[in-house]
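Asker: Sequence first, predicted coordinates after that:
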Amino acid sequence: MKSAVSRGVVAVSTVAVLGLTAACSGGGSGGDGDGAGKGEKPGRADSASTPASTPASASAKLEKAALASGDLKKYKVEPGPGEAKDKARPSARRVNPAECRPLAEMLTAAAPATSKAHVSRTLTSTDVADTTTTEVVLLAYGQADSEKTMDTLRVATKAKKCATFGDGGRRYFGVRPQPGPVDGDEAVSYKLASRTGEFLHRDRVTVVRSGSTLIAFRASNIFDPTSARSDEDGDPKVADAIVEAQLAKLAGAKQKQK
């Protein structure tokens, strides 16, 4: 099967972050395909219980919690595009319909408008047969803002009018909620596609909340249209090993901070 693949990371987010102003579906039992996972959110708490922190201290904590080289076998870990000098917020772009903005924000590794800090990493497999690039973005929020972001994203993933939406000069289509992971306090996952010149760009986005921290995982690949139409297994997937490793490192970092 002929396929043309690029490991280049597409600027995401919406991750808002990926400027998250919205958020994703209930944590995952991974049972049904509507992205609703754990239903009730046992990890939710009164925002007053979350101590205030400065952007600098929040960023330093995220850096310690982010994946680094050597943390995950068979993957190369590098700073993500969100660490570049150009950190334009996706909120500056026009998303149509506007209700779909949360989805678009998760496709951009830029500093979210409502987050205190963010760091991003790009992971590529050392196996040449694995052509998926995964971007991982950690976002620090206040407790209330983290929960509101998840709620808003969850609604957007299920909205019929967001099956197709425009973000600036790019048009996304085939938006569908997917089963989310069972880890974390709650999670949402969805897939979508867009055209990049002659190629079809596919993305799967999974956002997991752990306390007041959001972690956005975006798996991407690019196929030539003919190959993509015939390749049922062509959709990128966020590897369980990446999710598990990142959540474990975040938990370890939080434990050390106590």
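Answerer: That came in fine, so what should we check first?
Asker: Just to check, residue 202 is in contact with residue 237?
Answerer: No. Applying C-beta atoms under 8 Å, one finds residue 202 not in contact with residue 237, separated by 10.2 Å. (Glycine included, C-beta is placed from N, CA and C.)
Asker: neighbour count winner among these two?
Answerer: residue 202 (20 against 15; other C-beta atoms under 10 Å).
Asker: so what's that one closest to, chain neighbours aside?
Answerer: Nearest non-adjacent residue to residue 202, counting by C-beta to C-beta, 6 or more residues apart in numbering: residue 193, 5.0 Å away.
Asker: Please apply the same query to residue 120.
Answerer: residue 80 (2.9 Å).
Asker: what about the one you found, how many neighbours?
Answerer: 26.
Asker: cool, residue 180 as well?
Answerer: 32.
Asker: neighbouring contacts of the longest helix belonging to the chain?
Answerer: Identified as the longest helix of the chain according to DSSP state H is helix 240-257. Contact with helix 240-257 is made by 61, 64-67, 71-72, 75, 123, 134, 136, 138, 181, 183-184, 206, 208, 210-211, 213, 215, 217, as judged by C-beta atoms under 8 Å, 6 or more residues apart in numbering.
Asker: go on, stretch 189-197?
Answerer: Residues contacting stretch 189-197 (C-beta under 8 Å, 6+ apart): 10, 24-25, 28, 35, 103, 157, 170-181, 200-207, 222, 235, 238.
Asker: sorry, back to before: show the buried residues in the contacts of helix 240-257.
Answerer: Taking 16 or more other C-beta atoms under 10 Å as the criterion, what is buried in the contacts of helix 240-257 is 61, 65-67, 71-72, 75, 123, 134, 136, 138, 181, 183-184, 206, 208, 210-211, 213, 215, 217.
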